[in-house]
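Undergrad: Predicted model and sequence follow; I will ask about them next.
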Amino acid sequence: MKFSTLVVAGAALAAGVEGFSTSAPRAFGGIRQATPMKMAEAATEVDKMAALATSANEARGLAMDSIAAAHSGHMGLPLGCAEIGAVLYGSQMQYNPSDTQWMNRDRFILSAGHGSMFLYSWLNLAGFDLSIEELKNFRQHHSQTPGHPEFPNSEHTTPGIECTTGPLGAGVSNAVGFAVSEKMAAARYNTDDHTIFDHHIYALAGDGCFQEGVSAESAAFAAQEKLDNLIVLYDSNEVTLDKMAEYTQSEDIIKRYDAYGWETYEIDGHDLAVVEETIAAAKASNNGKPKFIKCNTIIGKGMEETEGTNAAHGEAGVPYVDKARASIGLPEEKWFVSEGTRDFFDGVQEKNTKIYDEWQGTYAAWKEANADMAKELEDAVADNVMPAEDMITTIPEMSGDAEATRVSGYKIIQEIAKLVPNYISGSADLHGSTRNYIDNGGNFGAGFDKTYAGKNLYFGIREHSMGTILNGIAYHGIFKASGSTFLVFVDYFRPTIRVASLAELGRVSYILTHDSIGVGEDGPTHQPVETVSGLRVIPNLDVFRPSDAEETVAAYVSSVTRKDGPTALILSRQNLDQNTDMPAQARREGSLKGAYVAKAETADLDLIIIATGSEVQHALAAAKDMLEAKAETADLDLIIIATGSEVQHALAAAKDMPGARVVSMPCMELYERQSDDYKETVLPSTCTKRIAMEAGVSDPWYKYASKVVGVDRFGFSAPGDIVMAELGMSADNLSSEIATMN
């Protein structure tokens, strides 16, 4: 292997630098007599350290060249954390670039996603299918090297990216979800004879990640549940974007993580030997504590003009790239990688391939001994579930009695858990209200009545953390995860829903109850009016607001069978009537298409009511009340639209009106994905006189209706039926509004 004597000497010197660990400090005895074998081992170690040092500088060069070519990007982290990357990819992580979906690979999450060239450089050096050409196209259209790392999706399929990151604090919190999933997989599938899950989760994060509150929520959860398979590396460079870090933070973060219950270390992040030793110690420590390694680094290291300052964060160093490259011993050739570095990583791949091959042997023996369990696991990894059309026929019909859709949801989730063995759920301290507890599923975690095989997660009052952990579980690629809270609190974790949508995570869903002003006595702080519409504007998020138990069946089924994005289930607190005039299977089938005719006209069509949720009942009633007034009308001149609980009002309004059609629209997004022919059968274009009803802001409904009965103000504290009536969510008011239409 070809390494300069300067680099070898530097590595040898670096190997003598001490680090500091608050829990497991390095210890050295007295002078020992060197033997030939020990001298050979020492020489091999120097060769390895020299290789790591060389690769660190060449990774710096790749990052500088790519950012300079794009005139865009963040140099600080790739230059400041190069030694950390060298140790992770060159020494400590187990992975196989030829099988990027190997289920027992270590996972690496770059929480500080702005430093994406760090990750792309190391993926290239480590042998992943990410070419130098892709590095040259950093941040360019259709490249595999976008500005922030993106989990493989329809836009990018970059190998080796485990998680979409960018919003600070989210990635390090996603890593907690990965750790949950690994612990759960190990508990469910490892046996006394065969261990098939024993990997680690690594996350690299910066000051911004730890200033964001979500990382604190997740750190507390990780310690509480003793996730000792999680190793977080803190790039502590004392710099934030605007100012030096001391301008906005003065905490002792080591003491903070000690207090949470983590095992903590503090080291020189540029000392290769110390970085390697510390990560190895963290991996070996199975003491029930997640690991926090504070790596003191110099941001932008190697670029004299910007290193150690906030100017190193962005592309301010572009004019100094050539000088910096020369100063760290790189040749003039851009995107240079030495033959020695390629040879070294060939050796790393050879070592990891041996680990991979041994694991494949273990897996084959495990599979032979546990055929049913292996089928379950392989279906989970491949995301093989019963088709939605079959699943809705398998779940028993619900009761015809009036009940809240959250109560219906409790019954349905038991059936879902039977049909989808890898389905798990959790709540932000609201299981008793949101009703998504899986009976006989056990509780996840450590201590009390919890085990790592449990299907029910208790997140505490930590909605933002719950969202990021759910996404992390989904990214990990084994379990389907859902989590619950009151709908009005979804804004605490809205950023995680947005990222799940753009990452096309089909393995995650959100159960959001207490869906409207019908919450009643708790008042406007707990009565969502703008919230459902606020979710509907997120691209690639299916928002399901069912009107009765059978529509709720379809909502849950859709959430666990969807492959390319998340689903929000919006469920009611108050009881809703069941549309028993229509067969259960017909309601389920129609709901899977997003909208359907909930009450067909029995005469010439002259009125269509479109409703959702509880407002459907008002639509039926309004049509009934208008029977005499509209009896002579033969041609279609009005459509009434409603969703969720408002569907019952629409049905009530239309009950005895032969020319009225009621359309239930539980999911706009699903409806929009149907064929034009189907949409025409539901909402014929020949009728432009339409009315929609929902107990929420009215704006989104003008896409379908010329008039909307909505709630464009905050509610008030009173019994729910009074709030609904006072704010116009009734069949009588719907009838009155219809009467004013020409």
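TA: Nice, thanks for sending it over.

Undergrad: what's the helix or strand for E669?
TA: Using DSSP states H and E, E669 sits within helix 668-672.

Undergrad: Off-centre distance for the helix or strand that that helix is followed by?
TA: Remark: after helix 668-672, the chain's next helix or strand is helix 676-682, criterion DSSP H and E. In terms of C-alpha atoms, centre = their mean, to the nearest Å, the centre of helix 676-682 is set 34 Å apart from its chain centre.

Undergrad: For helix 676-682, output the C-alpha coordinates as CSV.
TA: Output of helix 676-682 as CSV, limited to C-alpha atoms (Å, rounded to 0.1, in the frame of the first residue of the first chain):
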residue,chain,number,x,y,z
ASP,A,676,-61.1,10.2,-14.3
ASP,A,677,-63.9,7.8,-15.2
TYR,A,678,-64.4,6.8,-11.5
LYS,A,679,-64.3,10.4,-10.4
GLU,A,680,-66.9,11.3,-13.0
THR,A,681,-69.3,8.6,-11.6
VAL,A,682,-69.0,10.2,-8.1
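
Undergrad: Mind giving me the packing neighbours of that helix?
TA: Other helices and strands packing on helix 676-682, by 3 or more C-beta pairs under 8 Å, 6 or more residues apart in numbering; DSSP states H and E, are strand 596-599. In this view, the C-beta of every residue, glycine as well, is placed from N, C-alpha and C.

Undergrad: Check which helices and strands the very next helix or strand once past the strand it packs on sits against.
TA: Downstream of strand 596-599, the first helix or strand assigned by DSSP H and E is strand 607-612. In terms of contacts (3+ C-beta pairs under 8 Å, 6+ apart), strand 607-612 is packed against helix 616-625, strand 639-643, helix 648-653, strand 660-664, strand 690-693.

Undergrad: Neighbouring strands - and their directions - for strand 607-612?
TA: strand 639-643 (parallel), strand 660-664 (parallel), strand 690-693 (parallel) (DSSP bridges).

Undergrad: give the contact list for P97.
TA: 126-129, 159-160, 349 (C-beta atoms under 8 Å, 6 or more residues apart in numbering).

Undergrad: Farthest pair within these?
TA: P159 and Q349 (13.9 Å; C-beta to C-beta).

Undergrad: Tell me which of the two has more neighbours.
TA: Remark: of P159 and Q349, Q349 carries more neighbours, 17 against 14, as counted by other C-beta atoms under 10 Å.

Undergrad: From Y437, how far out is the residue positioned nearest the centre of the chain?
TA: Nearest residue to the geometric centre of the chain (C-alpha atoms, centre = their mean): N471, 2.3 Å. Distance of N471 to Y437, computed by C-beta to C-beta, to the nearest Å: 21 Å.

Undergrad: What are the contacting residues of the helix holding E669?
TA: With contacts defined as C-beta under 8 Å, 6+ apart, helix 668-672 is touched by 536, 541-544, 558, 592-595, 643, 665, 679, 682, 700.

Undergrad: Now do the contacts for the residue nearest to N96 when sequence neighbours are not counted.
TA: Spatial nearest neighbour of N96, excluding adjacent residues (C-beta to C-beta, 6 or more residues apart in numbering): Y356 at 4.6 Å. Applying C-beta under 8 Å, 6+ apart to Y356 gives the contacts 94, 96, 99, 102.

Undergrad: at 10 Å instead, please
TA: Residues in contact with Y356, defined by C-beta atoms under 10 Å, 6 or more residues apart in numbering, are 94-96, 98-99, 102, 104-105, 349.

Undergrad: And Y423, by the same measure?
TA: 380, 385, 413, 416-417, 438, 441, 455, 479-482, 507, 509, 556, 559-560.

Undergrad: And A718, how far from V519?
TA: In this view, A718 and V519 are 11 Å apart by C-beta to C-beta.

Undergrad: How about stretch 322-333, which residues are buried there?
TA: Using 16 or more other C-beta atoms under 10 Å as the test for burial, stretch 322-333 gives 324-325, 328-330.

Undergrad: neighbouring contacts of it?
TA: Counting by C-beta under 10 Å, 6+ apart, 4, 6-7, 10, 53-54, 56-58, 60-62, 64-65, 68, 75, 79, 82, 300-307, 317, 320, 334, 336, 338 sit against stretch 322-333.

Undergrad: tell me the mean pLDDT for that stretch?
TA: Stretch 322-333 comes out with an average pLDDT of 97.

Undergrad: Extract the C-alpha trace of it and format it as PDB.
TA: Output of stretch 322-333 as PDB, limited to C-alpha atoms (Å, rounded to 0.1, in the frame of the first residue of the first chain):
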ATOM      1  CA  ASP A 322      -6.600  24.600  -3.900                       C
ATOM      2  CA  LYS A 323      -4.400  26.000  -1.100                       C
ATOM      3  CA  ALA A 324      -6.100  23.800   1.500                       C
ATOM      4  CA  ARG A 325      -5.700  20.700  -0.700                       C
ATOM      5  CA  ALA A 326      -2.000  21.300  -1.000                       C
ATOM      6  CA  SER A 327      -1.600  21.900   2.700                       C
ATOM      7  CA  ILE A 328      -2.900  18.400   3.500                       C
ATOM      8  CA  GLY A 329      -0.700  16.800   0.900                       C
ATOM      9  CA  LEU A 330      -3.200  16.200  -1.900                       C
ATOM     10  CA  PRO A 331      -2.000  16.400  -5.500                       C
ATOM     11  CA  GLU A 332      -3.400  18.900  -8.000                       C
ATOM     12  CA  GLU A 333      -5.800  16.300  -9.500                       C
END
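
Undergrad: picking that back up, overlap in contacts, P159 and Q349.
TA: In contact with both P159 and Q349: 97-98, using C-beta under 10 Å, 6+ apart.

Undergrad: Can you give me the pLDDT of A621?
TA: A621 is given a pLDDT of 71.

Undergrad: That one against A652, yeah?
TA: Yes. Between A621 and A652 there is a contact under C-beta atoms under 10 Å: 2.1 Å.

Undergrad: Okay, now the unreliable bits of this protein?
TA: Low-confidence segments of the chain (pLDDT under 70): 1-43, 620, 623-640, 656-657.

Undergrad: hmm, try it at 80
TA: 1-46, 605-608, 613-660, 742 (pLDDT under 80).

Undergrad: mind checking the longest helix of it?
TA: Ranked by residue count and defined by DSSP state H, the top helix of the chain is helix 36-70.

Undergrad: in that one, what's buried?
TA: Buried, per 16+ other C-beta under 10 Å, within helix 36-70: 46-70.

Undergrad: how far out from the middle of the chain is it?
TA: 34 Å.

Undergrad: which other helices and strands contact it?
TA: helix 5-14, helix 76-80, helix 82-87, helix 116-125, helix 132-136, helix 272-284, helix 321-327, helix 339-369 (3 or more C-beta pairs under 10 Å, 6 or more residues apart in numbering; DSSP states H and E).

Undergrad: Would you mind putting the helices and strands packed on strand 607-612 into TSV with distance to E238 alongside?
TA: TSV is the format used below for the helices and strands packed on strand 607-612 (distance: least, C-beta to C-beta, whole Å):
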stretch	distance to E238
helix 616-625	59
strand 639-643	52
helix 648-653	60
strand 660-664	58
strand 690-693	55
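
Undergrad: Which stretch among the ones you listed approaches K450 most closely?
TA: strand 639-643 (38.2 Å).

Undergrad: Name the next helix or strand downstream of the closest one, please.
TA: Criterion used, DSSP H and E; the element after strand 639-643 is strand 647.
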